[in-house]
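Undergrad: I need the structure of the sequence given here:
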Amino acid sequence: LITSTCNKMASTSRLFVLLVAISCLSESDCVTSSVCSAKKSIRLRVNEAIFCLVNYETSEVRVNITYSNCYRCRGRLLVSAFYGPENCSCSSIVTDHSFRLFVRGSGGELLNGSCAPNKLLTETQPKGLVTLTVYRNGTCSAKVGGGKWRYIPLIGLFCLLAAVAFAWSMVQFAIRRLKRSGRTPSFEPDDSVTRNVETQKENDPATYGSLQTGQIRDERQPLVPVPAPSQQRQRLRSLDTFRGLSLVIMIFVNYGGGGYWFFQHSKWNGLTVADLVFPWFVFILGTSAAISLNSLDRRGVSRWKVLVKVIRRFIILFGLGLFLNRTNVLPTYRIPGVLQRLAVSYLSVSITHLAFAPKRDRNADRVYAPIREVVNHWIEWIIAFVFIIVWLLITFLLPVPHCPTGYLYPGGDLGDYGNYRNHSCTGGAAGYIDRLIFSTDHIYQTPECVHLYKTGPYDPEGLLGSLTSIFLAFLGQNAGRILLVHRDDKRRLIRWILWGIFWGAVGTGLCGGKQNGGLIPINKSLWSLSFVSVMAGTGYILLAMLYYVIDVKQLWMGGPVVFPGMNSILVYVGHEMAHKYFPFSWNASQTQLEILAQSSVGTVLWVIIAYYLFTINFFVKI
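TA: Prediction:
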């Protein structure tokens, strides 16, 4: 009796399960809330969500995925699952960009329904869940749920920084007003500190300028204005602020960028906040070089002695760059780098200036006097455009083995739909030259494109990009010459703004105003012509804005970012060496708030260190 009863109960149970399964084939609500027990074993990063595939098809189903920031990519396998709700599969997906799903049957055919290839999922949030259900008739449905909006901590940090900046400005304004009324001592450094800073400025002309706004120059005098005896020379504070702002953003980016995608470098084409800072440094380098080299001319220093200083500075910068590669494995030691690129750019613009720039301005009374910052240096302009012509010829005409001539894309296993999987096409001519000269072992092994496009090694600071980098430094040098040649603020500002609009328009025209379009896409990894043009345009405009606010109107004195700009080499090298040590960084958990806190704390610490070094008059020069 007991055995018979148990058999009847088992038969009833099996019948109930079968009925539920049959009804679930047509009712999407029957997808269980447990959706794949496999999801419990997935450890998510801060920018990831869970993707689960539930298959009611009678055969295997595979899901491929492509992300919207992966240009001309073939789909990669995300998950696959056989028939039945128990045979579902889960994986992690990145939520920084929208994605497209390709759902295929066992024969490789695309299934129809709402998850067809034209379907883009854009609403997925980090830590959320995407459930894709495939039914027996070949249709499918996608559900998106859960997750957290990532940007509340960033908005809070922005509001905090805005409040601190406002309070800092109000305190500085009150101090200046009280100082003028004679009712309180100044909190600014005393005259001895100022004089020592000026001495440091003369000894380190590549970092400091010695120009005061509104100075009048005799056209027969050297290009650098000579201040009146009653005037105390001042630092060009806007340039220090520009440099410091770039450095602070760079530290924040290098310390994780809070885990946000726009504080990471572009995977290939396009621009993010992280892509701005290095070219701004190159632009500022050129501006500082123009001021410092003319200052040495004014002091009567022999150009041969200046050349020795330039070469010594080049060697030190290049050597520091090699040192910061932080490895002792010589067979795979990386040769290119950030400071190496800065050193090459500085050496190039300085040598062309020493060889061809006039020591005195004799064209102040000519008809072309309004553009004499160009006319006086016409030979250097020709040389600068020769660099660009050489870059264009090599980029678009140099034959690259197993790769189309003029190729400008990452290639790899996924790029260009997988047509160039031998990794020899990444970067076209730029990558080929680096692999030919340095070999694959001595260039950057993990570029930004390596994971998204499945490429091989590629160096964004390679040789070919140095040509356009030199051109960008030369455009920055032109900004410095405008400051030197034109004697009133209005003329300087107008010229900076016009040059900024011009080069911004050139860059926009070259890329067609699109991320992946135009004749020459905007690309930081290649340092494409459109990229350096746009960066020059933003450099001119930002310099004009800072100059007007800081040096002309004195509405803001640049604090606190001005202080890292005064000690840029020390802060840059220091943050690179200390970024793996507490309190500059720690093993943060995968929460948005802690990752943002880690990036912010490391950045703020270096700003405090720079301010302290300023108060004790400690500057590192090269």
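Undergrad: all strands for this structure, in order.
TA: For the chain, the strands identified by DSSP state E occupy 48-55, 61-67, 76-81, 84-94, 99-104, 120-121, 128-134, 140-146, in order along the chain.
Undergrad: for the first one, packing partners?
TA: Helices and strands in packing contact with strand 48-55 are listed as strand 61-67, strand 76-81, strand 84-94, strand 128-134; criterion 3 or more C-beta pairs under 8 Å, 6 or more residues apart in numbering; DSSP states H and E. No exception for glycine: its C-beta is placed from N, CA and C like everyone else's.
Undergrad: burial count for Arg74?
TA: By other C-beta atoms under 10 Å, the residues close to Arg74 number 15.
Undergrad: isn't it right up against Tyr420?
TA: No - the pair Arg74 and Tyr420 fails to qualify as a contact (C-beta atoms under 8 Å) at a distance of 11.5 Å.
Undergrad: pLDDT-wise, which helix or strand of the protein ranks last?
TA: None of the helices or strands of the chain scores lower by mean pLDDT, DSSP states H and E than helix 191-203, at a mean of 40.
Undergrad: tally of neighbours for Gly270?
TA: As a burial measure, Gly270 scores 19 neighbours (other C-beta under 10 Å).
Undergrad: who's in contact with the closest residue to it other than its chain neighbours?
TA: Using C-beta to C-beta, 6 or more residues apart in numbering and skipping residues adjacent in sequence, the residue nearest Gly270 is Gln515, 4.3 Å away. For Gln515, the residues meeting the contact criterion (C-beta atoms under 8 Å, 6 or more residues apart in numbering) are 269-270, 521-522.
Undergrad: sort out for me which of those residues are in helices.
TA: Applying DSSP state H to the contacts of Gln515, no entry is found in helices.
Undergrad: need those residues in a markdown table (columns: distance to Ala597 and pLDDT).
TA: Listed next are these as a markdown table, based on distance: C-beta to C-beta, whole Å; pLDDT from 0 to 100:
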| residue | distance to Ala597 | pLDDT |
| --- | --- | --- |
| Asn269 | 32 | 92 |
| Gly270 | 28 | 92 |
| Pro521 | 36 | 94 |
| Ile522 | 32 | 95 |
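Undergrad: low-confidence ranges in the stretch 301-450 of the chain?
TA: Counting by pLDDT under 70, the stretch 301-450 of the chain has low-confidence residues at 363-365, 367-368.
Undergrad: could you pull out the helices for it?
TA: Under the criterion DSSP state H, counting those that start in this stretch, the stretch 301-450 of the chain contains helices at 303-323, 338-356, 372-375, 378-397, 429-437, 449-452.
Undergrad: for the ones you listed, which one sits closest to Arg481?
TA: helix 372-375 (4.2 Å; C-beta to C-beta).
Undergrad: residues of the closest one that come out buried?
TA: Applying a neighbour-count criterion of 16 or more other C-beta atoms under 10 Å, the buried positions in helix 372-375 are 372-373.
Undergrad: surely Tyr458 and Glu448 touch.
TA: No - here Tyr458 lies out of contact with Glu448, judged by C-beta under 8 Å, at a distance of 9.0 Å.
Undergrad: overlap in contacts, the two.
TA: Both Tyr458 and Glu448 are in contact with Ser525, where contact means C-beta under 8 Å, 6+ apart.
Undergrad: looking at these two, which is more packed in?
TA: Neighbours were tallied for Tyr458 and for Glu448 using other C-beta under 10 Å; the higher tally belongs to Tyr458 (28 against 21).
Undergrad: in the chain, which helix is the longest?
TA: When the chain is scanned for its longest helix (criterion: DSSP H), the result is helix 152-181.
Undergrad: in TSV, list the helices of the stretch 301-450 of the chain along with distance to Thr538.
TA: Putting the helices of the stretch 301-450 of the chain into TSV (distance: least, C-beta to C-beta, whole Å) gives the following:
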stretch	distance to Thr538
helix 303-323	24
helix 338-356	17
helix 372-375	20
helix 378-397	19
helix 429-437	23
helix 449-452	24
